[in-house]
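K.L.:
Need coordinates for the below:
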Amino acid sequence: MANITFIGLGNMGLPMAKNLIKAGHTVYGFDLSEEQMNQFIAAGGNKEENIPSALKKSDTAITMLPSGKHVKTIYMGDDGIIKNADNNLLLIDSSTIDVETSREVEKDANENNLKMLDAPVSGGVTGAEAGTLTFMVGGDTDAFNKAKEFLDIMGGNVIHAGQAGNGQVAKIANNMLLAISMIGTSEAFNLAKNLGLDASTFFDIASTASGQCWSMTSYCPVPGPVPTSPANNDYKPGFSAALMLKDLRLSQEASSFSNSRTPLGEKATAIYEEMEKNGTDNLDFSGVIKLLNEEL
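P.N.:
Numbers count the residues shown, from 1 in each chain. Next up, the predicted model:
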């Protein structure tokens, strides 16, 4: 069994850490929230005095942090991971951040003789709790092979995407596509409804026709057809519109520095910014159907 330092025990990080504990690993956790730390300890996690002391006891360090600036501070700061890690420590960052920062941090780690992976996830809190997340992993192949035993505990799909930063590339490109498809699906349902076609009937047709997509058949934005979708629970978030907007903004930053034209990604960003402006970005991202139908 391994000793693991896990930094960032939020809505995603806490259940991920719990799954490592359940698998028999010793996990040292750190989070600014006392409530999250208490839940972690109650689940069998360990609280160390500080991060450097925990790192000295650990084989692997995993982070799940809110943004690129937090990742840079935790990894590259004077009291950060890179300056306090032994050469054999494996670093895994599962935060969703911009590609440039991810590659900068991984380069710094490599220059200090450390193996590091960017491994953002898809699957939301439900997937984190069930251990069925999809991990999109960028970085060294040997490091990936070493990390896979831990990622397999937390995820159902673990895919090596290639060079450093490619996990972030896959995540933001995927979520840009998801946002676009959810908006398109929502527009289609609204159009069908306004022209007199029942939502369930339209679902039965489109879900088996050329318009079929995950946003329709697994996460339908209208109540009824898919009982497990947030639409049947007042659009309480599995993945909030605020988080989708974060990823869309990352996609547009990446689009700019890579000279990639993403006009639909740009429009999707503007639509989710409307939810932010009117204070409804706490809804699930599928709640965009209500915005498009002028219900928000």
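
K.L.:
Are there helices or strands packed against whichever strand or helix holds residue 266, and which ones?
P.N.:
In this structure, residue 266 sits in helix 263-277 according to DSSP states H and E. Packing partners of helix 263-277 (3 or more C-beta pairs under 8 Å, 6 or more residues apart in numbering; DSSP states H and E): helix 166-194, helix 241-257, helix 288-292. To be clear about C-beta, it is placed using only N, CA and C from the backbone, and glycine gets the same treatment.

K.L.:
would TSV of the ones you listed with mean neighbour count be doable?
P.N.:
Formatted as TSV, the helices and strands packed on helix 263-277 follow (neighbours: other C-beta atoms under 10 Å):
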stretch	mean neighbour count
helix 166-194	21
helix 241-257	20
helix 288-292	21
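
K.L.:
Please name whichever of the ones you listed is nearest to residue 95.
P.N.:
Comparison of these against residue 95 by C-beta to C-beta identifies helix 166-194 as nearest, at 8.9 Å.

K.L.:
Going by neighbour count, which residues of the helix or strand following that closest one are buried?
P.N.:
The helix or strand immediately downstream of helix 166-194 is helix 199-206, counting by DSSP H and E. Residues of helix 199-206 classed as buried by neighbour count (16 or more other C-beta atoms under 10 Å): 199, 202, 203, 206.

K.L.:
So which residues make contact with helix 199-206?
P.N.:
188, 189, 192, 193, 212, 216, 220, 222, 224, 225 (C-beta atoms under 8 Å, 6 or more residues apart in numbering).

K.L.:
could you give me the average pLDDT of that helix?
P.N.:
The predicted model gives helix 199-206 an average pLDDT of 97.

K.L.:
and what of stretch 40-57?
P.N.:
On average, stretch 40-57 scores 91.

K.L.:
Do you have the helices of the stretch 51-200 of the chain handy? List them.
P.N.:
51-57, 68-76, 81-84, 99-111, 124-130, 141-154, 166-194, 199-206 (DSSP state H, counting those that start in this stretch).

K.L.:
Farthest pair within the contacts of helix 199-206?
P.N.:
Across the contacts of helix 199-206 (C-beta to C-beta), the longest gap, 18.6 Å, separates 193 and 212.

K.L.:
Switch the helices of the stretch 51-200 of the chain over to JSON lines; also include distance to residue 232.
P.N.:
As requested, the helices of the stretch 51-200 of the chain are exported to JSON lines (distance: least, C-beta to C-beta, whole Å):
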{"stretch": "helix 51-57", "distance to residue 232": "42"}
{"stretch": "helix 68-76", "distance to residue 232": "34"}
{"stretch": "helix 81-84", "distance to residue 232": "42"}
{"stretch": "helix 99-111", "distance to residue 232": "36"}
{"stretch": "helix 124-130", "distance to residue 232": "14"}
{"stretch": "helix 141-154", "distance to residue 232": "27"}
{"stretch": "helix 166-194", "distance to residue 232": "14"}
{"stretch": "helix 199-206", "distance to residue 232": "12"}
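
K.L.:
Residue 294: which of those is closest?
P.N.:
helix 166-194 (9.5 Å).

K.L.:
Tell me which of the helices of the stretch 51-200 of the chain lies nearest to residue 287.
P.N.:
helix 166-194 (9.1 Å).

K.L.:
What are the neighbouring residues in contact with residue 68?
P.N.:
Residue 68 neighbours (C-beta under 8 Å, 6+ apart): 95, 97, 98, 101, 102.

K.L.:
burial count for the residue lying closest to the first one once chain neighbours are set aside?
P.N.:
By that I understand residue 95. Closest residue in space to residue 95, ignoring its immediate chain neighbours: residue 65 at 4.3 Å, by C-beta to C-beta, 6 or more residues apart in numbering. For residue 65, the count of nearby residues is 21 (other C-beta atoms under 10 Å).

K.L.:
if I read this right, residue 254 contacts residue 172, doesn't it?
P.N.:
Yes - Residue 254 is within contact range of residue 172, at 6.0 Å (criterion: C-beta atoms under 8 Å).
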